[in-house]
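Undergrad: fold the stuff below for me.
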Amino acid sequence: MLCGARDPILVPEISQHDVQVRQGFNGADLLLFGALLTPEGTRAAHDYDIVVVLEGPVRSVVVREKRKVAGMWINAASAAFGSAPGFYAVAASRPVRTIVDDRTAAIYELGLDALQLSPTGTIDPTRQQRFAAGLVAHMRRQGLYQQDDGGVQISGQVLYQARIALPSSVPVGDYTAETFAIRDGRVVASKVTRVVVHKAGFERFVAWNAQHNGLLYGIFVVLVSVGMGWLAGRLFALI
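TA: Numbers count the residues shown, from 1 in each chain. The predicted model follows:
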């Protein structure tokens, strides 16, 4: 980040730092808000654009291309990406491409077309671009990748706010909410806050044992299956 002597200071906050995924979880709305001030704590003298990015957790993904052969759809070519975020949302005070150039967007990953989806292994650049675009399109359809140009509201060139929706399928893990203050195409200030999305209650018990205690999880699954089978048999016997 480039800084000058009189660059402003960002004071960001988020409405919910802890998102609990319980049974019947239908998603959540996060409010990212804050203030843009001078080092003395007064209103900034210039107009700035604000861009907020909520991202996490990073994972490896394999994208497969379907092809129709003899009337059947089969897996054809594929590409693996080693650092694809499980969730990515960007909101800006105006279209990102009018705020920064392509180089700055790529450095800070501002916008869906600037995501650095690093491929694993050697891959033709044209093919990489096609598979990356397919992955982004797939994640957008699920609500896991979002871009809202104009989603940030700025009041009096001091206060800002943006809302980002987490879908019910949002992956659990650690998230970063980063806010950027931009003037004349230059990032002059940025600040990161943290968000944790985790399972709670019975879902947390099942998920933890599935990952850390395979024996107990297996016994639990068997008992549930036997119990459901017994219950079904009793119900049919009464009919």
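Undergrad: do you know the pLDDT at R163?
TA: Per-residue confidence (pLDDT) for R163: 97.
Undergrad: so it touches L30, yeah?
TA: Yes: using Cβ atoms under 8 Å, R163 makes contact with L30 at a distance of 7.0 Å. C-beta here means a position set from N, CA and C on the backbone, and glycine is covered the same way.
Undergrad: these two - which one has more neighbours?
TA: L30 (20 against 16; other Cβ atoms under 10 Å).
Undergrad: could you measure from the more buried one over to V187?
TA: When distance is defined by Cβ to Cβ, to the nearest Å, L30 is 22 Å away from V187.
Undergrad: quick one, domains of this structure?
TA: Domain assignment for the chain by automatic domain parsing gives 9-200, 201-239.
Undergrad: give me whichever of those domains is most buried.
TA: Of these, the one with the most neighbours on average (mean count of other Cβ atoms under 10 Å) is domain 9-200, at a mean of 16.
Undergrad: so what's the spatially most central residue of the chain up against?
TA: In the chain, the centroid-proximal residue (Cα atoms, centre = their mean) is F87; its distance is 2.1 Å. F87 sits next to L54, E55, G56, P57, L144, Y145, L166, V170, P171, Y175 when contact means Cβ atoms under 8 Å, 6 or more residues apart in numbering.
Undergrad: could I get those residues as CSV with distance to K199?
TA: Shown next, in CSV, are the contacts of F87 (distance: Cβ to Cβ, whole Å):
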residue, distance to K199
L54, 19
E55, 20
G56, 15
P57, 14
L144, 17
Y145, 22
L166, 14
V170, 11
P171, 11
Y175, 15
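Undergrad: reformat those residues as CSV; add pLDDT and distance to I14.
TA: Shown next, in CSV, are the contacts of F87 (pLDDT from 0 to 100; distance: Cβ to Cβ, whole Å):
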residue, pLDDT, distance to I14
L54, 97, 9
E55, 96, 13
G56, 93, 13
P57, 94, 17
L144, 97, 19
Y145, 97, 19
L166, 96, 12
V170, 94, 15
P171, 94, 18
Y175, 97, 10
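Undergrad: can you flag which of those belong to strands?
TA: L54, E55, G56, P57, Y145, L166, Y175 (DSSP state E).
Undergrad: is it true that the last one touches V192?
TA: No: assessed by Cβ under 8 Å, Y175 is found out of contact with V192, at 10.3 Å.
Undergrad: show me where the protein has strands.
TA: 9-14, 18-21, 28-37, 49-69, 72-92, 145-149, 153-155, 159-166, 173-183, 186-199.
Undergrad: can you tell me which of the domains of the chain the model trusts least?
TA: Among the domains of the chain, domain 201-239 carries the lowest mean pLDDT, at a mean of 59.
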